[in-house]
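Enquirer: Got a predicted structure plus its sequence, pasted below:
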Amino acid sequence: MDVQYRKAISTGAGVAVVVVLLVIAAGAYYYIAYYTPSNSTTTTTTTTTTVGLPGKGMSIGVVFDVGGLGDRGFNDLAHAGMIQANQTLGVDYKYVIATSTNDIPALFATLISDHLNLIIGVGFDDDQAIQQYSAQYPNQMFAQVDGDVYNTSNVIAIKFQEHVGSAIVGALAAAMAGPTGKVGFLGGVSIGIIYKFWNGYKYGIEWADSYLTNTTGTTWNNPLDEVYDSSGFNGFADPSGGFTNGQAMIARGDKVIFTAAGGTGIGTFNAIGQYDQQQGWNWSNSTAPPVWAIGVDANQDYYGTQQFFSAAQQNKTASNLTPPSFILTSEIKKVDLGVYDVAKWMVEGNFSGVWNNPAKFAPSFYNGETQLCGTDGASPCHVRGVFLLGYAQHAVGPTDFQYTSQFLTANAHAVLTQIENGIINGSIRIPEIYTDTGTTPLFQ
């Protein structure tokens, strides 16, 4: 079967961005990649040539989620954390990429047989495999991004406050859409953690409507458009579906569309960029685009610049990116930080710290203040083994508006200031909800 890979992208002011698209035809159901920091080549082991680093002689393995590398988000961020661990700690690594959820147990078994010090699963669909293997191999250390395996001393569940970051970008979306502008959400898969993004986003919109109604003297009431690409995990790797859904949402009048859909969101970006061009927007710094996108996980703001977008439509490279962008901001989720920190604890011998200090690393889980428990999110829980990253750790929230700051209205600045300050001082508490309906009303 054909598997697409793209080189992970990191962007910043004045940084050249290069996209490398490789299409690799493979008869196997998964792809195993080995890394050697030197110029030598190996097909069986990984080696580290750097001396004097604390992790020399140690190794980690990573199981990447369906959708693979090149999603410009979730998987690519985990990959960046793995690379950072190699370069700054000296640990060797091996990784495998699932092309189907059916692959996952065999991929974990492959890494376990290599006797790696730490194995990290990327994605909630690794729950069953990690539950099974952590019990079968109690001396093997595991970690899981978005995991729901709790109260297991050899497993760290790396969790994020996605609902908090989503609320902030929701408030921004409402302010930028105007008093009656429709605001859209495209989720990749109709499942608990994506509902968590949706409910946070919805809360932020409703909070902003109330705040702006009270402060401007104008009634704000933004209609909401909630869409999911799929009920299966392929919804995170369906750019054609993202494009079709994006076109339909634009046709329904959506002015701002937030994508929480992995690689599927790239298709939505393409639909928005093409529409904006068709409406005569030509990347003018004095005129806002007709429709905005909001990215997710990684800083995806670069994708909406004229240089990058035009090149991406032709599968070419782009550099010297300049404002503006039709991607207003991205709701970051620093998966790279979570992966790196856990690898660092493994090297330092502090892996058990999360287990021993639950009130420090995940107070909402330990104290039973979250709706999520197990895999269904139906009841509060009181658990150990969770490493929770949120707004206070700068692990969720909007980007720095590198390409769009000139378009932020006074109302946008006001809602950002108020909701961020409220989150910090505790006066605004974003509900953490894992069901589609959430609570009624979400905002009171």
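Expert: Nice, thanks for sending it over.
Enquirer: Next up, the contacts around the nearest residue to residue 180 once chain neighbours are set aside.
Expert: Spatial nearest neighbour of residue 180, excluding adjacent residues (Cβ to Cβ, 6 or more residues apart in numbering): residue 221 at 6.3 Å. Yep, even glycine has a C-beta here, placed from its N, CA and C like the rest. Taking Cβ atoms under 8 Å, 6 or more residues apart in numbering as the contact definition, residue 221 lies against 179, 180, 209.
Enquirer: Residue 416 versus the most far-flung residue of the chain relative to its centre, what's the distance?
Expert: With distances taken from the mean C-alpha point of the chain and given as Cα atoms, centre = their mean, the most distant residue is residue 217, at 36.5 Å. Between residue 217 and residue 416 the computed distance is 20 Å (Cβ to Cβ, to the nearest Å).
Enquirer: And residue 384, by the same measure?
Expert: Taken as Cβ to Cβ, the span from residue 384 to residue 416 is 35 Å.
Enquirer: what do you get for residue 67?
Expert: 31 Å.
Enquirer: before we move on, what about residue 281?
Expert: For residue 281, the distance to residue 416 - Cβ to Cβ - is 24 Å.
Enquirer: same question, residue 139
Expert: Applying Cβ to Cβ to residue 139 and residue 416 gives a distance of 47 Å.
Enquirer: cool, residue 268 as well?
Expert: Distance from residue 268 to residue 416, counting by Cβ to Cβ: 23 Å.
Enquirer: Settle it for me: which of those two has more neighbours?
Expert: Between residue 268 and residue 416, counted using other Cβ atoms under 10 Å, the more crowded position is residue 268 (29 against 21).
Enquirer: So what's the model's average confidence on the helix or strand hosting that one?
Expert: Element membership of residue 268, judged by DSSP states H and E, is helix 264-278. The predicted model assigns helix 264-278 a mean pLDDT of 97.
Enquirer: Give me the contact list for it.
Expert: Helix 264-278 is contacted by residues 71-73, 186, 188, 229, 235-247, 249-250, 257, 259, 261, 289-293, 295-296, 300, 303-304, 309, 312-313, 326-327 when judged by Cβ under 8 Å, 6+ apart.
Enquirer: Restricted to strands, list those residues.
Expert: 186, 188, 229, 257, 259, 292, 293, 295, 296, 327 (DSSP state E).
Enquirer: The last one and residue 403 touch, don't they?
Expert: Yes. The pair residue 327 and residue 403 qualifies as a contact (Cβ atoms under 8 Å) at a distance of 7.4 Å.
Enquirer: list the residues that contact both of the two?
Expert: The overlap between the contact sets of residue 327 and residue 403 (Cβ under 8 Å, 6+ apart) consists of 301, 302, 304.
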